[in-house]
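# have a look; sequence and predicted model below, questions after that.
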Amino acid sequence: MNHTVQTFFSPAGTDRPPNYEMLKEEHEVATLGAPHNPAAPTSTVIHIRSETSVPDHVVWSLFNTLFMNSCCLGFIAFAYSVKSRDRKMVGDLTGAQAYASTAKCLNIWALILGILTTILLIIIPILILQAY
């Protein structure tokens, strides 16, 4: 690396030392000294995978567990969601997608059964009251 160092001298007759502009690399070489190993420096390449988004449906499963836990489907979906999150943290995206797919299916069924149960709990008492 050839760097040009510009030198600025202070005018004669002043007590200040001359000012030098030094590049960062030259300053580090001057401070740390030249490398002791004459061999060429080695390089390391790090491949960073792009973040693939695998939804784990934990919030949806928690909602179904707390509010619409028909046949314990919400709790089972929550367990699969946690397994999906664990697989994703380890880096096993295939396993995370499989658990997330199962959790999504269980959440859909829990939501459908919960809505149907809620509707039936509202309609049946109304029909009974109208019969009398």
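Arrived safely.

# so which bits of the longest helix along the chain are buried?
Counting residues, the longest helix found in the chain (DSSP state H) is helix 93-131. When neighbours are counted by 16 or more other Cβ atoms under 10 Å, the buried residues of helix 93-131 are found to be 95-100, 102-104, 106-107, 109-111, 113-114. All C-beta spots, glycine's among them, are computed from the backbone N, C-alpha and C.

# ok, so of these, who is nearest residue 64?
Closest to residue 64 out of those is residue 110 (4.3 Å), distances taken as Cβ to Cβ.

# dump the residue contacts of the closest one.
Residue 110 makes contact with 64, 68, 69, 70, 71, 73, 74, 77, according to Cβ atoms under 8 Å, 6 or more residues apart in numbering.

# how about a cut-off of 7 Å?
Taking Cβ atoms under 7 Å, 6 or more residues apart in numbering, we find residue 110 in contact with 64, 68, 70, 73, 74, 77.

# how close does residue 98 get to residue 84?
8 Å (Cβ to Cβ, to the nearest Å).

# list phi and psi for the closest residue to residue 97 other than its chain neighbours.
Closest residue to residue 97 apart from its sequence neighbours, by Cβ to Cβ, 6 or more residues apart in numbering: residue 54 at 5.5 Å. When read as degrees, to the nearest 10, the backbone of residue 54 gives phi -120, psi 110.

# surely residue 54 meets residue 98?
No - assessed by Cβ atoms under 7 Å, residue 54 is found out of contact with residue 98, at 10.0 Å.
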